[in-house]
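Engineer: sequence plus the predicted model coming up.
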Amino acid sequence: MPHTINSNICEGISSCAKACPVGCINQGKGKNLKGTDYFWIDFEICIDCGVCLSVCPVEGAVIDEERSELQIKQDK
């Protein structure tokens, strides 16, 4: 099952996007509730490798289950 970025916990550091081997992590448009940049995972591309979870320095920003309701919805 794909991982999820909780868009409102994400601080826009981008370690996950840089490390993703399949490019499924996208920067959101605008700011999240904390006023920071944020990222989101395209579940259709994610291969569930877990790299995002291992490189993210923000506790709770990436979780190891698919929870689309935690991501701010974006079009590609």
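Structural biologist: In hand now; what should we look at? Numbers count the residues shown, from 1 in each chain.
Engineer: where in the protein is pLDDT low?
Structural biologist: 1, 74-76 (pLDDT under 70).
Engineer: one more pass at 90, please.
Structural biologist: Applying pLDDT under 90 to the chain flags residues 1-2, 72-76.
Engineer: helices of that one, residue ranges please.
Structural biologist: 15-19, 51-55 (DSSP state H).
Engineer: now these in TSV, with mean neighbour count and distance to A61?
Structural biologist: Backbone N, C-alpha and C define where each C-beta goes, glycine included. As requested, the helices of the chain are exported to TSV (neighbours: other Cβ atoms under 10 Å; distance: least, Cβ to Cβ, whole Å):
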stretch	mean neighbour count	distance to A61
helix 15-19	17	8
helix 51-55	17	9
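Engineer: save the ones you listed as a markdown table, and put in distance to Q27 too.
Structural biologist: Output for the helices of the chain, formatted as a markdown table (distance: least, Cβ to Cβ, whole Å):
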| stretch | distance to Q27 |
| --- | --- |
| helix 15-19 | 7 |
| helix 51-55 | 13 |
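Engineer: wait, which of the ones you listed is closest to I72?
Structural biologist: helix 15-19 (15.1 Å; Cβ to Cβ).
Engineer: contact partners of that closest one?
Structural biologist: Residues outside helix 15-19 that contact it (Cβ atoms under 8 Å, 6 or more residues apart in numbering) are 5, 25-27, 39, 51-52, 55-57, 62.
Engineer: repeat the analysis, applying 10 Å as the threshold.
Structural biologist: Helix 15-19 is contacted by residues 3, 5, 10, 23-27, 39-41, 49, 51-58, 61-62 when judged by Cβ atoms under 10 Å, 6 or more residues apart in numbering.
Engineer: narrow the residues you listed to those that are buried.
Structural biologist: 3, 5, 10, 24-26, 39-41, 51-52, 55-56, 58, 61-62 (16 or more other Cβ atoms under 10 Å).
Engineer: widest-spaced pair of those residues?
Structural biologist: Maximum pairwise distance among the buried ones among the contacts of helix 15-19 (Cβ to Cβ): 18.3 Å, between C24 and V58.
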